[in-house]
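Sharing a model prediction with you, sequence too.
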Amino acid sequence: MKIIKDSGPKQAGIRSLFGLIIVASLAITAAACADTNSTSNTTTSASEVDSSPEPVRPLVIAAADFELPIIVKSQSKLPVTVKSADDQTVTITDTSRIIVLNDAIAEIVISLGFLKNIIGRDATTTLEMLKPIPKVSSGHDVSAESVLALSPTLVIGDTRSGPPEAMQQLRGAGVPILLTPEVWQLSEIAPRITLLAEALGVAASGKKLLEETQAKIDQALNQATVNKINPRVAFLYVRGTASVFLLGGQGSGADEMIRAAGGIDVGTDLGLASFTPLTTEAIVKANPDIIIVLTLGLKSVGGIDGLLALPGIAQTPAAKTRAVIAVDDDLLFSFGPRTGSLIVNLAKSFDTLMTANK
């Protein structure tokens, strides 16, 4: 990841799905790293394909290609008292030692100028710049003992963070725990940035970050509207090593990004819930022009050939033209400072694939 300075109701299955995502992701990370050399000759970044008459498939949208804006940190005005998403009132007096419990929150904390204050992370936080930072969880399951060993002054997660017993133990030990709402829509980004900025005592920096983030999103939405490509796009969540094969629908988070980039989310179009088991009948009926998958998920099924060999997929227009986009796992669902740039790249990828398919 590059750094530049100065610069509705949820579906019931989302929480359980993302618990499964974390377990499966951790299980295949080592294998994915080993496969890097074998896949490097068959993938390319979305930004590299625009001038190629025959783009290499799949298109890859990599988190490392996106800039994370860093707002010059203003002086923290503490103490502050804020309302956590679990209805707890949290008073914060010190932000010198912060533990972050997912990637999306970490991005915002870093963008607000608090990178050097982060002293711990959960296993789902995979930002490159935080790799040296100690882990305090297995997936979303936080170890209270690991957290307490780091002597944090603030722990920030969202409503998926747990287990509840660990959160209760930490609060009982006097550690301020702030949980933000989960974010699956563009309209929910602003409240999360505002809450985190207030909690860190830098409301002015939060306002600036929000303005920059919203401007990029608005620009991206306008650009996607002009293109008017409107391909039918399916988001598939696959983890071959765990035998998990799901078709995204309304409330998956991917549906919001597909619509923002000018596509039609096929799961939503069919009236499907956030995640539905992938069947031959479902994917054939969905009839996608383009398929989006997560990068590690694609590797877990043996790359694009393994994906297109899954039941029913070979019968889709997307398979006939090998129109597959792989998005890095920590990017598609970040819903934060990089979201506007992601929308632009998705829209360009849609255009590249649909133009090549003509």
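Alright, I've got the coordinates.

Going by C-alpha atoms from here, please, whenever you check contacts or count neighbours.
Noted.

for this protein, which spans come out with low pLDDT?
Counting by pLDDT under 70, the chain contains low-confidence ranges at 1-55, 227, 357-358.

Tell me how it divides into domains.
The chain breaks down into these structural domains: 2-67+229-357, 75-201 (assignment by automatic domain parsing).

for this structure, what's the longest strand?
Longest strand of the chain, by residue count under DSSP state E: strand 232-239.

Against which helices or strands is it packed?
The contact analysis (3 or more Cα pairs under 8 Å, 6 or more residues apart in numbering; DSSP states H and E) places strand 232-239 against strand 244-248, helix 254-260, strand 264-265, helix 266-269, strand 290-294, helix 295-300.

Can you add mean neighbour count and distance to Leu346 and give those back as a markdown table?
Putting those into a markdown table (neighbours: other Cα atoms under 10 Å; distance: least, Cα to Cα, whole Å) gives the following:
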| stretch | mean neighbour count | distance to Leu346 |
| --- | --- | --- |
| strand 244-248 | 20 | 17 |
| helix 254-260 | 23 | 8 |
| strand 264-265 | 24 | 13 |
| helix 266-269 | 22 | 16 |
| strand 290-294 | 25 | 10 |
| helix 295-300 | 25 | 14 |
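
Any chance of a markdown table for those, columns distance to Arg57?
Output for the helices and strands packed on strand 232-239, formatted as a markdown table (distance: least, Cα to Cα, whole Å):
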| stretch | distance to Arg57 |
| --- | --- |
| strand 244-248 | 21 |
| helix 254-260 | 19 |
| strand 264-265 | 21 |
| helix 266-269 | 21 |
| strand 290-294 | 11 |
| helix 295-300 | 12 |
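
Distance from stretch 336-355 to the middle of the chain?
In this view, stretch 336-355 has its centroid 14 Å away from the chain centroid, taken as Cα atoms, centre = their mean, to the nearest Å.

all strands of the stretch 101-250 of the chain, in order?
When assigned using DSSP state E, counting those that start in this stretch, the strands of the stretch 101-250 of the chain occupy the ranges 118-121, 137-138, 141-142, 154-158, 177-180, 232-239, 244-248.

out of the ones you listed, nearest to Lys348?
Nearest to Lys348, of all the strands of the stretch 101-250 of the chain, is strand 232-239, at 13.8 Å by Cα to Cα.

residues contacting the closest residue to Gln223 other than its chain neighbours?
On the basis of Cα to Cα, 6 or more residues apart in numbering, the spatially nearest residue to Gln223 that is not a chain neighbour turns out to be Val344, at 7.5 Å. Applying Cα atoms under 8 Å, 6 or more residues apart in numbering to Val344 gives the contacts Ala220, Gln223, Ala224, Ala261.

rerun at 10 Å
Lys216, Ile217, Gln219, Ala220, Leu221, Asn222, Gln223, Ala224, Ala260, Ala261, Gly262, Phe350 (Cα atoms under 10 Å, 6 or more residues apart in numbering).

Can you tell me which helices and strands the helix ranked longest in the chain packs against?
Using DSSP state H to define each element, the chain has its longest helix at helix 203-227. Helices and strands touching helix 203-227, by 3 or more Cα pairs under 10 Å, 6 or more residues apart in numbering; DSSP states H and E, are strand 67-70, helix 103-111, helix 189-199, helix 254-260, helix 339-357.
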